[in-house]
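K.L.:
what's the 3D shape of this:
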Amino acid sequence: MSTNGTLNRKLRLGLVGGGRGAFIGRVHATGAVMDNRAALVAGALSADPVKAKESAPDYDIAENRAYGSYQEMMETESALPADQRIDLVAVTTPNHTHFDIAKLAVRAGFDVVCDKPMTFNLAEAHELATLVDNSNVIFGLTHTYTGYPIVRQIRDMVLGGDIGDVNAIRTCYTQGWLRNRIELEDQKQAAWRMDPTKSGAAGCFGDIGVHAFNLARYTTGVLPQSLSCQLRSYESGRQLDDYGTAIIKMDNDALCTLSASQISHGRENDISIEIDGTKGSILWEQGDPNRMELRCNGQPLKVYTRDPNAPHTSPTAAASCRLPSGHPEGLLEAFGNIYGGVYEAIVQRAEGKNIDRLNTIYPNVHDGVEGMMFIEQCVASSKEDGAWLPVRYEKARR
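P.N.:
Have a look, this model is predicted:
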């Protein structure tokens, strides 16, 4: 058995969501146990109590810890002896349920890893952040792409001044799966994402646009000031946006342009970022996640690959690798890295160390607030035909 510092044991995880027919719950569960630092021991896997318990064998969850609701899981687990109850809760449900589940977990003293966007609206996000700040709980948010070793390499290089001052950021996330209104065809993933009572104020921009925004913030550390946005619903009758573009004024006169689409034919999960600095430019695309390009005028193109043993690889990026170079690592490993960062914070807390809750290697509760502010201000700006609106959050990571 691997150890977790002074804890000297695996952490015990409770999963909310992930029942049969779900997608992201299984991804969370896989990433959470990838490095043998945690075990999935309990779950409330569906809003349907029967389905929740029927899904438990799929995860090897014992019958007596397969719960019919997340409320039952929190109450029952809280009453167990300290050496048996869960340590943390993974929230992998649709957006409108995140807040209530996470709030109950934090109040029970359980650490939390929550899927994005963090809450249904900005007011909930602020309330949750205040609750976390006033607790001893570790809170992680699965903006997945921050877990890629090369993305962490980019972050270290940009923050270290390798490309000079950041002038421009171009980031986009392009999909095509919602080109037609499959939400009307009992397609579960599409149905809730295009339902404003479950998804929130935005569709495409709340689902994937916020990923592009977080990627820009995580890799550059440049703070946003204001934005102008245009959102569209190109499929007739659709209640939420399926396409959009925003321009964001950043600190130091930098500009970020961001686009997101779910109606582009043939596109899958094509997220990318390009950063222009005074000394050089960096490009990364998830289609080739173990590779990035560095360009400098008058010099040959430099290609960085995911290589934990290369002298140019930053310590953070190297520590995020599991395999030698040439063996691809991807989305599941990125999830594992986010969970691993949360686990490290839990260990540090157990050792009595001070924990930086803002500038963490993993996305945290304040990244969640900033993401919700981005979503709501994009929707508001679009309703005002692209009006410039503030998007500065006072507790944002630097």
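
K.L.:
Helices along the stretch 101-250 of the chain, start to end?
P.N.:
122-133, 149-159, 188-193, 204, 210-220 (DSSP state H, counting those that start in this stretch).

K.L.:
Mind checking the ones you listed for the one nearest to Ala168?
P.N.:
Nearest to Ala168 among those is helix 210-220 (10.3 Å), distances taken as C-beta to C-beta. Heads up, the C-betas are built off the backbone N, CA and C, glycines and all.

K.L.:
Let's see that closest one as PDB, backbone CA atoms only.
P.N.:
C-alpha atoms of helix 210-220 as PDB (Å, rounded to 0.1, in the frame of the first residue of the first chain):
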ATOM      1  CA  VAL A 210     -14.900  28.400 -19.100                       C
ATOM      2  CA  HIS A 211     -12.200  25.700 -19.700                       C
ATOM      3  CA  ALA A 212     -10.600  28.000 -22.200                       C
ATOM      4  CA  PHE A 213     -10.700  30.900 -19.800                       C
ATOM      5  CA  ASN A 214      -9.300  28.900 -17.000                       C
ATOM      6  CA  LEU A 215      -6.500  27.600 -19.300                       C
ATOM      7  CA  ALA A 216      -5.500  31.200 -20.100                       C
ATOM      8  CA  ARG A 217      -5.500  32.300 -16.500                       C
ATOM      9  CA  TYR A 218      -3.600  29.200 -15.300                       C
ATOM     10  CA  THR A 219      -0.800  29.300 -17.800                       C
ATOM     11  CA  THR A 220      -0.200  33.000 -17.700                       C
END
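
K.L.:
Contacts for it, please.
P.N.:
116-117, 143-146, 151, 154-155, 158-159, 166, 169, 171-173, 222, 224, 248, 256, 258-260, 271, 273, 275, 363, 367, 370-371, 374-375, 396-397 (C-beta atoms under 8 Å, 6 or more residues apart in numbering).

K.L.:
Relative to the whole chain's centre, how far out is it?
P.N.:
10 Å (C-alpha atoms, centre = their mean, to the nearest Å).

K.L.:
can you check stretch 116-130 too?
P.N.:
Distance of stretch 116-130 from the chain centroid (C-alpha atoms, centre = their mean) equals 14 Å.

K.L.:
buried residues in it?
P.N.:
For stretch 116-130, burial by neighbour count (16 or more other C-beta atoms under 10 Å) applies to Lys116, Pro117, Met118, Thr119, Phe120, Asn121, Leu122, Glu124, Ala125, His126, Leu128, Ala129.

K.L.:
My guess is Arg397 contacts Asp356. True?
P.N.:
No - look at Arg397 against Asp356 with C-beta atoms under 8 Å: they stay out of range, at 9.7 Å.

K.L.:
Return the members of the contacts of helix 210-220 classed as buried.
P.N.:
In the contacts of helix 210-220, the ones that pass as buried (16+ other C-beta under 10 Å) are 116-117, 143-146, 151, 154-155, 158-159, 166, 169, 171-173, 222, 224, 248, 256, 258-260, 271, 273, 275, 363, 367, 370-371, 374-375, 396-397.

K.L.:
Do you have the strands of the stretch 1-150 of the chain handy? List them.
P.N.:
All strands of the stretch 1-150 of the chain, identified by DSSP state E, counting those that start in this stretch, fall at 11-16, 38-44, 88-91, 111-115, 139-142.

K.L.:
can you put the ones you listed in a markdown table and add mean neighbour count?
P.N.:
Formatted as a markdown table, these follow (neighbours: other C-beta atoms under 10 Å):
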| stretch | mean neighbour count |
| --- | --- |
| strand 11-16 | 25 |
| strand 38-44 | 25 |
| strand 88-91 | 27 |
| strand 111-115 | 26 |
| strand 139-142 | 28 |
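
K.L.:
got the ones you listed as TSV, with mean pLDDT and distance to Ser382 columns?
P.N.:
Shown next, in TSV, are the strands of the stretch 1-150 of the chain (pLDDT from 0 to 100; distance: least, C-beta to C-beta, whole Å):
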stretch	mean pLDDT	distance to Ser382
strand 11-16	98	32
strand 38-44	98	36
strand 88-91	98	28
strand 111-115	98	24
strand 139-142	98	24
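
K.L.:
Just put those strands in CSV and tack on distance to Ile282.
P.N.:
Below are these laid out as CSV (distance: least, C-beta to C-beta, whole Å):
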stretch, distance to Ile282
strand 11-16, 35
strand 38-44, 33
strand 88-91, 32
strand 111-115, 28
strand 139-142, 24
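
K.L.:
Of all the ones you listed, which one is nearest Ala350?
P.N.:
Judging these by C-beta to C-beta, what sits closest to Ala350 is strand 11-16, at 10.3 Å.

K.L.:
and of the helices of the stretch 101-250 of the chain, who's closest to Tyr243?
P.N.:
Among these, helix 204 sits nearest to Tyr243 (C-beta to C-beta), with 6.1 Å.

K.L.:
for the stretch 251-398 of the chain, what spans make up the helices?
P.N.:
So, for the stretch 251-398 of the chain - with DSSP H, counting those that start in this stretch - the helices run 315-319, 331-350, 365-383.

K.L.:
Give me the neighbour count for Ser325.
P.N.:
By other C-beta atoms under 10 Å, the residues close to Ser325 number 13.
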